[in-house]
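# What follows is a predicted protein model with its sequence.
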There are 2 protein chains.
Amino acid sequence: MTDVQRIRGVLAPVVTPFDRDLNPDAGRFIAHCKWLVSQNCGLAIFGTNSEGNSLSVDEKLDLLDALLAAGIDPSRMMPGTGTCALTDTVRLTAKAVKAGCAGVLMLPPFYYKGVSDEGLYRSFAEVIDRVGDERLRIYLYHIPQVAIVGITPTLIERLLKAYPTAIAGMKDSSGDWSNTNAISEAFGGSGFDVFVGSESFLLRNMQNGGVGCISATANVNPAAIDRLYRDWRSADPALQQHELDKIRTIVGNQNMIGSLKAIMAHFTHHPAWANVRPPLDRLTDAQAADLIGELESAGFEMPGIAEFNAVPN
Amino acid sequence: MTDVQRIRGVLAPVVTPFDRDLNPDAGRFIAHCKWLVSQNCGLAIFGTNSEGNSLSVDEKLDLLDALLAAGIDPSRMMPGTGTCALTDTVRLTAKAVKAGCAGVLMLPPFYYKGVSDEGLYRSFAEVIDRVGDERLRIYLYHIPQVAIVGITPTLIERLLKAYPTAIAGMKDSSGDWSNTNAISEAFGGSGFDVFVGSESFLLRNMQNGGVGCISATANVNPAAIDRLYRDWRSADPALQQHELDKIRTIVGNQNMIGSLKAIMAHFTHHPAWANVRPPLDRLTDAQAADLIGELESAGFEMPGIAEFNAVPN
């Protein structure tokens, strides 16, 4: 049931740079993706931390085209393609499959609340049927604190039964380890790949048969997270986990997306990296200074990031 | 501050018909809009009950073009234009204004939860600034049980101060009369037009200085709701309110959108009207039969609907 080449390991929901008019900055996006790949980090573009839902479908398609044109390997990509509208989800997903992306990370349609598992089943089934491509690999995206609409074990079971090839796994961003654990126990043995949504759960996920993490912090701390992913069977993974958690706590202490972008702005020396689209807030200068100070005190660095980001303004 | 020609009265969040491939059926959409206008009902197309967020931006623009091409008066229209993505909201809003629509009903960006009023303020402000058209009239759309992200009095106050012409009013779909009342008291005197989201609150809203309602049930019971809107100062509006509530209770007893479409299918004799896009569920045949039976027992009818909907299959 499991493909040999399934994407695994550490992926970043790649933060999306905006210029001062809040248009996506494709050049800087490419640069950041290249740096992440150089750190052995996969590209979960258009996720929650990417402000993926703050972009139009056309903006996302253009950014994906820009990455492909820049020669970035689509087998390292897992674009977020789940939207509120069936037709948008189909369009994005079909494009990702055609481009050769390793998989897609798919939110359920999230506008209506309290919808039935039957309705969610038909949502995913329609997308799979309409895309109609054997290469499609869907990672179900469970992030109930944001989408409110979640992915239940009952839904997974039904989807896996109907679409054992297309349903490849999930990202559990609930932050609820008992949920991740229950899903791994129920489905992990049958080629259903479980990613956790934060590196704080990476060691436990690997010990549990999981396949990696897709984490906000991987945008800025990918090498250290990847090290634990590779070394989790080594002598002292708990120490590595502890070090990751320390950085995660600092980065996530204020608003996560604002903080990631403040870090990008600082280490790339490009202030425009701090821009976010509304309704999100960027950090204030004082908040950013505190954040950078704390990170530097903890010995944090982003080797090579400035070189990769030395693109014209 | 108040324009002479502000849209007021009863509007329906127009249900969107889909063909068997779940594509929007423009012919039947035009037919239903023409019937609603004939019943003196305004057209809040692309609202929650329209499955507006289940449509792509292009599908919405095409449907709006179809209504305009069919000669339907844009001064009777208040399209829903608020989406998760700034660029989509701007595109839809600019189109609506250019088309001469009376106003737009604008959800806040609803993907991220727990966002700041500052972030929401910038969301609306960016849209107003980018659309850059004096004719823009925004009705803020407060429906916290679905969007989760709501519109607070603090936000209204700040927006009204900065954009006294563009911010024309709100639709309060919270179902919380104390909220509607507080907003009417705070802002109702200054040309800020309050619509309630259900005709159950219509009489109280009119007594309170409000301007009407934008209600799901207006899709099927527009004339009776319009009668109360016109007659609320008459001898016995409470009896009218009671009759409206009776029908509303029957229609809203199961899932609202499935029920509205089952009613459309029955009274137009076009079974495809019952189609919904996932993740929503249509009524089962048994549920639909119960609903129609209850409505018929209550003397409910939709005069003229079959004739308006006699478009080719």
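Sure thing, it's come through.

# show me where pLDDT drops low in chain A?
A:1-4, A:311-313 (pLDDT under 70).

# Up against chain B, what does it have?
A:22, A:48, A:53-57, A:59, A:84-88, A:91, A:108-113, A:115-116, A:118-120, A:122-123, A:126, A:145-149, A:277-281 (C-beta under 8 Å from any C-beta of the partner chain). (Each C-beta comes from the backbone N, C-alpha and C, glycine too.)

# Contacts only, for the nearest residue to A:Thr152 once chain neighbours are set aside.
Spatial nearest neighbour of A:Thr152, excluding adjacent residues (C-beta to C-beta, 6 or more residues apart in numbering or on different chains): A:Asp117 at 6.1 Å. Residues counted as contacts of A:Asp117 (C-beta atoms under 8 Å, 6 or more residues apart in numbering or on different chains) are A:152, A:154-155, A:158.

# for A:Pro13, what are its contacts?
Contacts of A:Pro13 by C-beta under 8 Å, 6+ apart are A:44-45, A:47-50, A:52, A:80, A:214-216, A:218-219.

# change it to 6 Å
A:44, A:47, A:49-50 (C-beta atoms under 6 Å, 6 or more residues apart in numbering or on different chains).

# Now the buried members of the contacts of A:Asp117.
Buried members of the contacts of A:Asp117, counted by 16 or more other C-beta atoms under 10 Å in any protein chain shown: A:155, A:158.

# Please, where are all the helices along the stretch 201-313 of chain A?
Here the stretch 201-313 of chain A has its helices, by DSSP state H, counting those that start in this stretch, at A:202-207, A:222-231, A:237-251, A:256-268, A:285-297, A:305-308.

# ok, now which residue in chain A is the farthest from the centroid?
A:Ala235 (28.7 Å; C-alpha atoms, centre = their mean).

# Can I get the helices of the stretch 201-313 of chain A in a markdown table including distance to A:Gln5?
What follows is the helices of the stretch 201-313 of chain A, written out as a markdown table (distance: least, C-beta to C-beta, whole Å):
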| stretch | distance to A:Gln5 |
| --- | --- |
| helix A:202-207 | 19 |
| helix A:222-231 | 17 |
| helix A:237-251 | 26 |
| helix A:256-268 | 29 |
| helix A:285-297 | 35 |
| helix A:305-308 | 26 |
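
# Could you export those as JSON lines, including mean neighbour count?
Shown next, in JSON lines, are those (neighbours: other C-beta atoms under 10 Å in any protein chain shown):
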{"stretch": "helix A:202-207", "mean neighbour count": "20"}
{"stretch": "helix A:222-231", "mean neighbour count": "20"}
{"stretch": "helix A:237-251", "mean neighbour count": "17"}
{"stretch": "helix A:256-268", "mean neighbour count": "23"}
{"stretch": "helix A:285-297", "mean neighbour count": "15"}
{"stretch": "helix A:305-308", "mean neighbour count": "16"}
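
# closest to B:Ser190 out of those helices?
helix A:256-268 (34.3 Å; C-beta to C-beta).

# by contact count, what packs against the closest one?
Contacts defined by 3 or more C-beta pairs under 6 Å, 6 or more residues apart in numbering or on different chains; DSSP states H and E place helix A:256-268 against helix A:285-297, helix A:305-308.

# where along the stretch 1-150 of chain A do the strands fall?
Applying DSSP state E, counting those that start in this stretch to the stretch 1-150 of chain A gives strands spanning A:9-12, A:42-43, A:104-106, A:138-142.

# Would you mind giving these as JSON lines with mean neighbour count and distance to B:Gly210 added?
Compiled in JSON lines, these are given as follows (neighbours: other C-beta atoms under 10 Å in any protein chain shown; distance: least, C-beta to C-beta, whole Å):
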{"stretch": "strand A:9-12", "mean neighbour count": "26", "distance to B:Gly210": "49"}
{"stretch": "strand A:42-43", "mean neighbour count": "28", "distance to B:Gly210": "50"}
{"stretch": "strand A:104-106", "mean neighbour count": "28", "distance to B:Gly210": "41"}
{"stretch": "strand A:138-142", "mean neighbour count": "26", "distance to B:Gly210": "40"}
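
# now, among the contacts of A:Pro13, which is nearest to B:Gly103?
Closest approach to B:Gly103 among those (C-beta to C-beta): A:Ser50, at 32.7 Å.

# Would you mind listing the residues in contact with the closest one?
A:13-14, A:16.

# circling back to that earlier point, format the helices and strands packed on helix A:256-268 as JSON lines; extra columns: distance to B:Ala186.
Putting these into JSON lines (distance: least, C-beta to C-beta, whole Å) gives the following:
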{"stretch": "helix A:285-297", "distance to B:Ala186": "32"}
{"stretch": "helix A:305-308", "distance to B:Ala186": "49"}
